[in-house]
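> Just need the structure, nothing else, for what follows:
(chains A and B)
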Protein chains: 2
Amino acid sequence: MTGREPLALLDAGVDGDRRSVARLLSMVERGGDDARAVGALAHARSGGGYTVGITGAPGAGKSTLTSSLVSVVRGDDTRVAVLAIDPSSPFTGGAILGDRIRMQDHALDDGVFIRSMATRGHLGGLSLATPQAVRVLDAAGFPWVLVETVGVGQVEVEIVGAADTTVVVVNPGWGDAVQANKAGLMEIADVFVINKADRPGAGETRRDLSAMLDLTHDPHDEHGRWRPPIIDAVATDGTGVDELWGQIAAHRAHLESTDELGRRRGRRAREELTRIVAERLLLRARETSEGDRFDDLADRVESRGMDPWSAADMLLGSGS
Amino acid sequence: MTGREPLALLDAGVDGDRRSVARLLSMVERGGDDARAVGALAHARSGGGYTVGITGAPGAGKSTLTSSLVSVVRGDDTRVAVLAIDPSSPFTGGAILGDRIRMQDHALDDGVFIRSMATRGHLGGLSLATPQAVRVLDAAGFPWVLVETVGVGQVEVEIVGAADTTVVVVNPGWGDAVQANKAGLMEIADVFVINKADRPGAGETRRDLSAMLDLTHDPHDEHGRWRPPIIDAVATDGTGVDELWGQIAAHRAHLESTDELGRRRGRRAREELTRIVAERLLLRARETSEGDRFDDLADRVESRGMDPWSAADMLLGSGS
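This is a model prediction of the structure:
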């Protein structure tokens, strides 16, 4: 503990103290009892914020697009937080460093909170920590939380797929749409952005995406199901950013009017709970295979004084 | 249950009734309570048998070699059992069918028991079922159990690596030794066989294997550590099979004289116990994520009446 309780830090965060918010997020990243205390508190006080996930291949222009979206949101003087999920340590590559520097457009704006989160030691750590971090930002009074992540691995796709609205960023060029499909991004996309649309091949990429959407979304659907729009953008000069923001708002309105937002959040609550249970059990399995008790029982199995199933029963403390 | 208790079936098996042994193995394959009863009984009554694993790439000639080894063992009128582990259903491919037919050389020999085991529905099923099946054969009075498996996946390598002596079969030709290394077979090999050694490239393959062994086994080792011998063989005409059997016997003698056999079996007992515990916990995690109780708690999490960590505690029935 840093000397101040989570509750005091959260109250300070709501009052605009960004350092308190940063401390809460560090507690979440570190895991353990503090993370649980922060998570439980933030869980109780969140629910008002809206999460937008932004994903795509490395170099697709996600950070520049995110930065432009932040400018649009700030035009209304609304507070906004950005959570940048790095698959490895931040600031290790030139591109990543460049992106972060570009984000510094907003460094002096007190209404913007930007935070990078790196993978922690254990598998699945980020998919457990990210929803907690989003809740902290939500509870700290940010009505918009943008989560930016590289859509390359299962964990990353899982993380961004847990947003209320998911934006998938592709670039013009043969195969980029197909890659997005392979990576599982077609299934989670609510809005597509073809960034760098001033380059050759934007038309083909649009046709590829559209053809793939036709497979899963009937163009003559009369049940009002959302069909992901495809937006041309040039993030570096702001082209298409207003349209993107408009489509994010349209998707949000769609979710809210159909109660699909509640269903999505309900599904997410279930998935998160399952993940927490699975992580606890994994931890328990590891603990179970260590220590004197395991050694004693394994010795008895080896000397045939006990069969391995009975030994497992005793280790797990039940007759199951 | 088939109407006869495991104990009666095992007694009949010891008296030479192969149908009883087959029934016990079917119980093990099916899993559940019967498998546990059979496993516990066989565990208590086994330990006298010796297990030889035979592995290698598909088409390396494992089945022919195994069949030749069976002939050698039968020369002493010793009973022998063969457990053929198929990564998929048996008798689906021409090569496998051909191999099995070749094994039928021993079909009329009451002292030989041959059984194919296929993967069961769940992951890791074979790595749990195989040691149980080996124990059944051991308890049924087979002093030698040969386990033949394709060395392609982690599970298969794990299974064959659990034998007392592991024979890795490669063929002449550039890269075969390197492939064996990549598949993790170098680490588990106690004896190497270059089968089809009458074909070109046998010399290079021997040199490759030898060079790789040099990396992990000091040729001037004075501590008496076993260095896997490399045997040339032509399984189809029996060349090298007696030498292979001699090296298997030499390895067994080495293990027994150094007490390494006890250490190996102790390690295996621990690994099996850990796997059983992990499987139980996995099953429990699945059960935990189903049913009314999970739904009720997930609803409470969703409506923010409870945080997800407390819900996980309640599902797992503890404050851990």
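> Next up, identify which helix or strand A:Ala81 is on.
Element membership for A:Ala81 (DSSP states H and E) is strand A:80-86.
> could you say what helices and strands that strand packs with?
The helices and strands touching strand A:80-86, judged by 3 or more C-beta pairs under 8 Å, 6 or more residues apart in numbering or on different chains; DSSP states H and E, are helix A:62-74, helix A:94-103, strand A:112-118, helix A:125-139, strand A:144-150, helix A:154-161. All C-beta atoms are positioned from the backbone trio N, CA, C, and that covers glycine.
> Can you identify each of the strands in the stretch 201-320 of chain A by residue range?
A:230-233 (DSSP state E, counting those that start in this stretch).
> just for it, where's the confidence low?
Residue ranges of the stretch 201-320 of chain A with pLDDT under 70: A:219-222, A:282, A:286, A:318-320.
> Helices along that one, start to end?
Secondary structure of the stretch 201-320 of chain A by DSSP state H, counting those that start in this stretch: the helices cover A:202-216, A:241-258, A:260-288, A:292-302, A:308-316.
> Quick one: name the residues of the stretch 1-150 of chain A near chain B.
When proximity is defined as C-beta under 8 Å from any C-beta of the partner chain, the stretch 1-150 of chain A approaches chain B at A:Arg36, A:Gly39, A:Ala40, A:His43, A:Ala44, A:Ser46, A:Gly47.
> Can you give me the neighbour number for the closest residue to A:Gly173 other than its chain neighbours?
Distances taken as C-beta to C-beta, 6 or more residues apart in numbering or on different chains put A:Gly201 closest to A:Gly173, at 4.8 Å, once the chain neighbours are dropped. Here the number of neighbours of A:Gly201 (other C-beta atoms under 10 Å in any protein chain shown) works out to 17.
> wouldn't A:Gly201 be in contact with A:Ala177 here?
No - counting by C-beta atoms under 8 Å, A:Ala177 is not a contact partner of A:Gly201; they are 10.2 Å apart.
> Can you give the strand pairings for the strand holding A:Ala81, parallel or anti for each?
Using DSSP bridges, the strands paired with strand A:80-86 are strand A:112-118 (parallel), strand A:144-150 (parallel).
> Count the neighbours of the residue nearest to A:Ala312 when sequence neighbours are not counted for me.
Once flanking residues are discounted, A:Ala312 sits nearest to B:Ile276: 4.3 Å by C-beta to C-beta, 6+ apart. By other C-beta under 10 Å, the residues close to B:Ile276 number 22.
> which residues does B:Ile276 contact?
A:Pro308, A:Trp309, A:Ala311, A:Ala312, B:Leu128 (C-beta atoms under 8 Å, 6 or more residues apart in numbering or on different chains).
> Let me know the pLDDT of the residue nearest to A:Asp242 when sequence neighbours are not counted.
Excluding its sequence neighbours, the residue lying closest to A:Asp242 (C-beta to C-beta, 6+ apart) is A:Val72, at 6.5 Å. Model confidence at A:Val72, expressed as pLDDT, equals 93.
> for A:Asp76, same thing?
A:Asp76 is given a pLDDT of 87.
> Contact partners for it?
A:Asp76 touches nothing, counting by C-beta under 8 Å, 6+ apart.
> can you confirm it is in a strand?
No - applying DSSP: H, G, I helix; E, B strand; the rest coil, one finds A:Asp76 to be coil, outside a strand.
> So it versus A:Tyr50, what's the distance?
14 Å (C-beta to C-beta, to the nearest Å).
> try A:Val73
Taken as C-beta to C-beta, the span from A:Val73 to A:Tyr50 is 11 Å.
> Same check on A:Leu65?
17 Å.
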